[in-house]
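J.: structure of the sequence below:
(2 chains)
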Amino acid sequence: GAVVSQHPSWVICKSGTSVKIECRSLDFQATTMFWYRQFPKQSLMLMATSNEGSKATYEQGVEKDKFLINHASLTLSTLTVTSAHPEDSSFYICSASDGPRDTQYFGPGTRLTVL
Amino acid sequence: GESVGLHLPTLSVQEGDNSIINCAYSNSASDYFIWYKQESGKGPQFIIDIRSNMDKRQGQRVTVLLNKTVKHLSLQIAATQPGDSAVYFCAEGPYGKLTFGQGTILTVHP
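T.: Numbering: from 1, shown residues only, chains lettered A, B, ... in the order given. Below is the predicted model of the structure:
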């Protein structure tokens, strides 16, 4: 149980384009989903927290207009990187939990490369 | 705290040995701690968690120890196997806002 998927697993795009990453909880309802980014050989950094049906809460320093998060259902959250630039290249990982005091289960990650 | 730098701590063990991975956390108010395993190119995989009202918790081949006095967390892996080779992260909570440690690279030699 507690499986989280992400799509796509990797994406290469040109600078200035937008990229959407999907995060799905496959066998449970995720009231809360989290988005992280991870640079090579570094730890995970929380970007934002999203609750189903409400606006995401962004961490300090994360531009909400650049990283659009939508949590339209209890099993799907999307992260859209708008007008992507090479410095946005990173490993984006989502996690999901089925309650405010429940374990976060992580997706497999999406490798974004912006040329 | 936040992860900085490019050089993660490393631990090399022989197959069959026991491994101990350590983590110092920063927030004395944290009430939830969790260990994740991350293989190259993959997302973190849950290993074991512990709440602040406990000092030890055991799972299958793994044990987590929590010392709140010195803000120290450890993960013990019994009979380490080559498949255990990965980066191990500790994280401190509350649940809704985990802060990850820098990670430790575990290499298991056959």
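J.: and the strands in chain B?
T.: B:10-14, B:19-24, B:32-38, B:45-51, B:56-58, B:62-67, B:72-77, B:86-93, B:99-100, B:104-109 (DSSP state E).
J.: the lowest-mean-pLDDT helix or strand in chain B near chain A at all?
T.: None of the helices or strands of chain B scores lower by mean pLDDT, DSSP states H and E than strand B:99-100, at a mean of 91. Yes. Residues of strand B:99-100 contacting chain A under Cβ under 8 Å from any Cβ of the partner chain: B:99, B:100. Any C-beta I mention is one placed from the backbone N, CA and C, and that applies to glycine too.
J.: including mean neighbour count, could the strands of chain B go into JSON lines?
T.: Output for those, formatted as JSON lines (neighbours: other Cβ atoms under 10 Å in any protein chain shown):
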{"stretch": "strand B:10-14", "mean neighbour count": "13"}
{"stretch": "strand B:19-24", "mean neighbour count": "17"}
{"stretch": "strand B:32-38", "mean neighbour count": "22"}
{"stretch": "strand B:45-51", "mean neighbour count": "17"}
{"stretch": "strand B:56-58", "mean neighbour count": "13"}
{"stretch": "strand B:62-67", "mean neighbour count": "18"}
{"stretch": "strand B:72-77", "mean neighbour count": "19"}
{"stretch": "strand B:86-93", "mean neighbour count": "23"}
{"stretch": "strand B:99-100", "mean neighbour count": "22"}
{"stretch": "strand B:104-109", "mean neighbour count": "17"}
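J.: just the pLDDT for residue 78.
T.: Reading this off chain A. As predicted, residue A:78 sits at a pLDDT of 96.
J.: switch to chain B, that's the one I care about
T.: Looking at residue B:78, its pLDDT is 97.
J.: correct me if wrong: it contacts residue B:60.
T.: No. In this structure, residue B:78 is not within contact of residue B:60 by Cβ atoms under 8 Å, at 9.2 Å.
J.: point out where chain B drops to low pLDDT.
T.: The model of chain B has pLDDT under 70 over residues B:1-7.
J.: up against chain A, what does it have?
T.: Near chain A, when you scan chain B using Cβ under 8 Å from any Cβ, you find B:2-4, B:6-8, B:34, B:36, B:41-46, B:49, B:89, B:95-103.
J.: where does the prediction get shaky in chain A?
T.: Ranges of chain A meeting pLDDT under 70: A:1, A:100-101.
J.: burial count for residue A:43?
T.: Number of residues near residue A:43 (other Cβ atoms under 10 Å in any protein chain shown) recorded here: 23.
J.: can you tell me how far it is from chain B?
T.: Distance check for residue A:43 against chain B: by Cβ to the nearest Cβ, to the nearest Å, it reads 3 Å.
J.: show me where chain A has its strands.
T.: Going by DSSP E, chain A shows strands at A:4-7, A:10-13, A:19-25, A:32-38, A:44-51, A:57-58, A:67-73, A:76-81, A:90-97, A:105-106, A:110-114.
J.: what angle do the last one and strand A:76-81 make?
T.: Taking axes from the mean of the first three to the mean of the last three Cα atoms, to 10 degrees, one finds that strand A:110-114 is oriented at 20 degrees with respect to strand A:76-81.
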